[in-house]
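[1] Got a sequence here, can you model it:
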Amino acid sequence: MGRTSTIVKLPANQQNHVDALLRRHAYACCDTVKEELAAAGIRLSRSALHRYSQRLKAADLRSPTGRRETVVIVLDTDGSDPIAIRTSASSASVVAAIGALGLPASKRPAEAT
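    This is a model prediction of the structure:
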């Protein structure tokens, strides 16, 4: 058997911080996550972070309750490819953030009665 992950050995609050950053960065961007963790005083190797992110993603996908996420599709009027943005923020928070930019946010049409 392999060694216990250095991330699993972290205190719960630090491990939760690692989990949150990895999820926020969609289990990718290990270098960015590593830099953000280092700024918070959590030093991890890139390989340990990558291995842990793969296990965390697999566990999240297996979880029946799974983590909830909102998917925002950005369609540009210039005809470029659509962009999908995944976030753990609620749809109401996303709409509010767009509204805070001073941009109109379209809403779902009311169901016909």
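[2] what about the helices in the chain?
    Using DSSP state H, the helices assigned to the chain run over residues 12-24, 30-39, 46-62, 91-100.
[3] Tell me which of those helices sits nearest to G2.
    helix 46-62 (9.3 Å; C-beta to C-beta). Just so you know, the C-beta spots here come from the backbone N, C-alpha and C atoms, and that holds for glycine as well.
[4] what does the closest one rub up against?
    Judged by C-beta atoms under 8 Å, 6 or more residues apart in numbering, the contacts made with helix 46-62 from elsewhere in the structure are 5-8, 18-19, 22-23, 27-28, 30-31, 33-34, 37, 66-67.
[5] Quick one: buried ones out of these?
    7, 18-19, 22-23, 27, 30, 33-34, 37 (16 or more other C-beta atoms under 10 Å).
[6] which one of those residues is nearest A89?
    Taking C-beta to C-beta as the measure, R23 is the one of those closest to A89, at 11.7 Å.
[7] I'd guessed the closest one sits against A89; true?
    No - here R23 lies out of contact with A89, judged by C-beta atoms under 8 Å, at a distance of 11.7 Å.
[8] right, so of the helices of the chain, which gets closest to I73?
    Once C-beta to C-beta is applied to the helices of the chain, the stretch that comes out nearest is helix 91-100, at 11.3 Å.
[9] circling back: in a markdown table: the buried ones among the contacts of helix 46-62, plus distance to V72 and pLDDT.
    Below are these laid out as a markdown table (distance: C-beta to C-beta, whole Å; pLDDT from 0 to 100):
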| residue | distance to V72 | pLDDT |
| --- | --- | --- |
| I7 | 29 | 90 |
| V18 | 25 | 91 |
| D19 | 22 | 88 |
| L22 | 20 | 89 |
| R23 | 16 | 86 |
| Y27 | 18 | 85 |
| C30 | 24 | 87 |
| V33 | 22 | 90 |
| K34 | 27 | 92 |
| L37 | 26 | 92 |
